[in-house]
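> no sequence for this one, just the structure:
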């Protein structure tokens, strides 16, 4: 057996403690697959006295995570602190500068600073690995960056946030509203006390930015991602979607289009028959479409100690075996800065749901606005009749442009008979 | 840009021509991801004059594939001949002996001779890569061998033969019988003129043997796989399955059990709600269950020039980047020869369908035999009534042993009132 690979773990929260656990529980098979033992030699966490369910006796302990970068015995730093800046960034930069390999689960860091970090890692000839940053235990990064590397990818999409998928699934199964399900998810530990990062789509957007950079071989561009969360999805829209043969999912979608790459995260209606429509609960999924391979879909657990640690340790095994892949799949000089397309340029089919006062002439007014904006209807559904009261009216459109729909909706929302903000959900064929 | 990687392609059928095509069509992105161009310098095929839709001018041409191994300019031999022995084996052995890396799509070769070939490759320090041998374009080998390498795998299973899945899907959708659908599939080119390899489960068994070796870290053991094909699946059983909430799929399943590893390929009833139940047509799927990652499923096209070539070229990119993984995921000395369990030892739930003459006492006789063999019924369904005629009777059992079911079925088949060979399909929760 060869010399062990000496690693340091920064942050002993769910992910960090999970990594230590996996390395211990499966030490035998990990050593066989890595060609040598992988040994934790140093750790860093704020409070040494706290019991984290992992043995830390005999390990060098650092109060300051950044100091791990200076430990001469450490070959790989595993960053499990989180956040796009602060300690996490300082540690990763210091570790790279010190010539150490870095493994991280930090999607925010990669999405926001991944271009610069890749150049630093490349200059130093060290690995910067982040399999755990996207879709938890699913080896999605490896699949896209290595497994599908022969393909020109046309589209990559996915259910990238387990919290949102859990909430949407529960809303559908139990016919309950968003706020209620969110508050229950928080009690169950499926959603954070401050849930904004997840439910407003930011976490999914970080992951999509990473997938898009890998799939299209261009510098990561988080700022260009159009982001909408799931706060405005209602139980009514979920049940109307079912009637129309759709499920509502929060998807991240990156697509090669005329003139550039579009990247967007928002609630989507996907046909019930699409494989991704059935990915429920906390499960994540990634779908990639390549010019030779066709459509490949992967699904699995997107979060949690076990799946995330599984991905971190896979990266460590790659490093132990000296399997080296450039951060973004190709040398930074070989990346092509293809432009990102603004959301205004999006075209597709739309679901629009209005609450209108049930009286003569309203539908004529609404459809007149759509006609004026050259939007062609695919179907219209008025649910129930109660003269003088507000009733839902559902419209689905043929392919049209985001700009047209936005313009039409502004006028429709201003109609006297329209009593609530109209709901807009994009329809996606996947 | 670094020096090109010089490869030779042996066999210019669907796969070989596909590889040449992908390398040409996506030369730019492949070079970026591989860090250098990948260049075909020599080919071998029987008939030089045949047009294969790929340019062969300027390439060194060998009549005898084995001669490629001696070409001093070739660094990697891509074996696309097929078959577990003969030319394919001779070429792979000669190439390894000559110190060349080998990439192959040949599942039969790996399943039958993979243990010995791994030792040869290890001794010579060359890669023997075979991503294309299992599940076509799905990066299943890479996922299991690298992506999930931190996990102890408990079970790995899949829809591993697209021809069978296409036939079963069409039988279900069109309510037609096996023989008719097979003959149509042959006309459409979805099934071979001699279909036995596919429909008798041998191809799936080759793939399962490979997956089991990788998942469990043991020498490949094709001989131990229990194999049944789909010839005996009837339209009646498919429609009865639907009534019971199941789909019939040909699955390969390898599982860690008390005392060893079970490996089997046979038609299965899977709950309609299981993700794998919805993988239809020519699509393949692989499901792996690891102790930390949980369940991961991948689906995609399992055959065809594009998907297969995509996988071959991914292997070539790994070699160009010097990403080296031992053939079976660990050094051959680190593999553990865990015993394979015989099918007799299998336990599970069963679907049994009899054709019985509709007369008093028959059900009592049948259920008496089951009781005598300690088999507990989960449900019984008698379809239609027509006194004196043969009617189907469906029984589903609770968990029981294969040996008990076989013993009971032998006695049931011998009953006067039972007029056809009973159908037996195992029920699997996946």
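Done, it's in. A quick note: this is a predicted structure, and the numbers were derived from the prediction, not measured.
> what residue is smack in the middle of chain A?
What sits nearest the mean C-alpha location of chain A, by CA atoms, centre = their mean, is residue A:204, with 2.9 Å.
> thinking that residue is in contact with residue A:250, fair?
Yes - counting by CB atoms under 8 Å, residue A:250 is a contact partner of residue A:204 at 6.3 Å. (C-beta placed from N, C-alpha, C; glycine too.)
> ok, now which ones touch the residue of the stretch 301-430 of chain A at minimum distance from chain B?
Across the stretch 301-430 of chain A, the shortest distance to chain B (CB to the nearest CB) belongs to residue A:313, at 3.4 Å. Contacts for residue A:313 (CB atoms under 8 Å, 6 or more residues apart in numbering or on different chains) come out as A:19, A:22, A:23, A:26, A:30, A:38, B:149, B:150.
> secondary structure element for it?
helix A:305-320 (DSSP states H and E).
> where does that helix sit relative to the chain's centre, distance-wise?
19 Å (CA atoms, centre = their mean, to the nearest Å).
> one step back: what touches both of residue A:204 and residue A:250?
Common neighbours of residue A:204 and residue A:250 (CB under 8 Å, 6+ apart) are A:160, A:161, A:164, A:265.
> Just name the closest of these to chain B, please.
residue A:160 (15.5 Å).
> Count the residues that sit near that closest one.
Neighbourhood size, residue A:160 [other CB atoms under 10 Å in any protein chain shown]: 29.
> thinking it is in contact with residue A:204, fair?
Yes - using CB under 8 Å, residue A:160 is in contact with residue A:204, at 4.2 Å.
> does the residue nearest to the centre of chain A sit in a helix, a strand or a coil?
What DSSP: H, G, I helix; E, B strand; the rest coil gives for residue A:204 is helix.
> how close does it get to chain B?
20 Å (CB to the nearest CB, to the nearest Å).
> per-residue confidence at that residue?
The score at residue A:204 is 98. That number is its pLDDT.
> list the contacts for it?
Counting by CB under 8 Å, 6+ apart, residue A:204 has contacts A:160, A:161, A:164, A:227, A:250, A:252, A:265.
> In helices only, show me the residues you listed.
Secondary structure assignment (DSSP state H) places residue A:164 from the contacts of residue A:204 within helices.
> Find the residues that touch each one of residue A:160 and residue A:204.
Common neighbours of residue A:160 and residue A:204 (CB under 8 Å, 6+ apart) are A:250, A:252, A:265.
> The last one against residue A:201, yeah?
Yes - counting by CB under 8 Å, residue A:265 touches residue A:201, with 4.4 Å between them.
> joint contacts of the two?
Counting by CB under 8 Å, 6+ apart, the residues touching both residue A:265 and residue A:201 are A:227, A:228, A:250.
> Looking at the record's assignment, how would you partition chain A?
A:5-133, A:146-301, A:346-427 (automatic domain parsing).
> hmm, back to that, and the gap between the residue of the stretch 301-430 of chain A closest to chain B and residue A:19?
6 Å (CB to CB, to the nearest Å).
> any idea which helix or strand comes after the helix holding residue A:313?
Immediately after helix A:305-320, counting by DSSP H and E, sits strand A:347-357.
> What average pLDDT does that following strand get?
According to the model, strand A:347-357 has a mean pLDDT of 96.
> just checking, what packs against that strand?
helix A:235-244, helix A:362-372, strand A:390-397, strand A:400-401, helix A:402-413, strand A:423-427 (3 or more CB pairs under 8 Å, 6 or more residues apart in numbering or on different chains; DSSP states H and E).
> tell me which residues of the first one are tucked away?
Buried residues in helix A:235-244, defined by neighbour count with 16 or more other CB atoms under 10 Å in any protein chain shown: A:235, A:236, A:237, A:238, A:240, A:241, A:244.
> Residues of the stretch 101-250 of chain A that sit close to chain B?
Counting by CB under 8 Å from any CB of the partner chain, the stretch 101-250 of chain A comes close to chain B at A:131, A:137-139, A:142-143, A:145-152, A:217.
> now, which of those lie within helices?
residue A:142.
> Put the buried members of the residues of the stretch 101-250 of chain A next to chain B into a ChimeraX selection.
In ChimeraX, this line selects whichever of those come out buried by 16+ other CB under 10 Å:
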select /A:131,137,138,139,142,143,145,146,147,148,149,150,151,152,217
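> Brilliant, that's me finished.
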